[in-house]
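Colleague: Sequence below, structure please.
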Amino acid sequence: MGKVLGTFLLLMFINVILFMVLGSFFMSDIQYETPIYTFSTIIIILLTILISILVYIISLLKEKL
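Modeller: Residues are numbered from 1 along each chain as shown. The predicted model follows:
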């Protein structure tokens, strides 16, 4: 379980760093910029959870084999 939590936290840390770094490159005066960032952050968090679940399932399958 620690490996799954470590994977989740590492992916979230990488995502936050990428948003900070890449966000400065794509600054604009678009009216819908904030909702786009909000929805993209939600999607990335859900994908991070999905990746963590897949790591957990793979570790369970390795134990059974």
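
Colleague: what helix or strand is residue 45 on?
Modeller: Using DSSP states H and E, residue 45 maps to helix 33-64.

Colleague: oh, I was asking about residue 12
Modeller: In this assignment (DSSP H and E), residue 12 forms part of helix 2-25.

Colleague: Report all helices and strands that that helix contacts.
Modeller: If contacts are counted by 3 or more CB pairs under 8 Å, 6 or more residues apart in numbering; DSSP states H and E, helix 2-25 sits against helix 33-64. Backbone N, C-alpha and C define where each C-beta goes, glycine included.

Colleague: Show me how far the helix it packs on is from its chain's centre.
Modeller: 6 Å (CA atoms, centre = their mean, to the nearest Å).

Colleague: Now do that helix against helix 2-25, angle only.
Modeller: With axes from the mean of the first three to the mean of the last three CA atoms, to 10 degrees applied, the angle from helix 33-64 to helix 2-25 works out at 160 degrees.

Colleague: Can you give me the buried ones in helix 33-64?
Modeller: 44, 48, 52, 55-56 (16 or more other CB atoms under 10 Å).

Colleague: from the residues you listed, which is closest to residue 12?
Modeller: residue 48 (5.9 Å; CB to CB).

Colleague: show me the contacts for that closest one.
Modeller: For residue 48, the contacting residues are 8, 11-12, 15, by CB atoms under 8 Å, 6 or more residues apart in numbering.

Colleague: and if you look at residue 5?
Modeller: Residues in contact with residue 5 (CB under 8 Å, 6+ apart) are residue 52.

Colleague: Look at it and report its pLDDT.
Modeller: Note on residue 5: pLDDT of 86.

Colleague: what does residue 16 give?
Modeller: Taking residue 16 on its own, its pLDDT is 84.

Colleague: distance of the residue most central in space within the chain from residue 55?
Modeller: Residue closest to the average C-alpha location in the chain (CA atoms, centre = their mean): residue 48, at 3.7 Å. Separation of residue 48 from residue 55 (CB to CB, to the nearest Å): 11 Å.

Colleague: ok, now residue 6?
Modeller: 9 Å.
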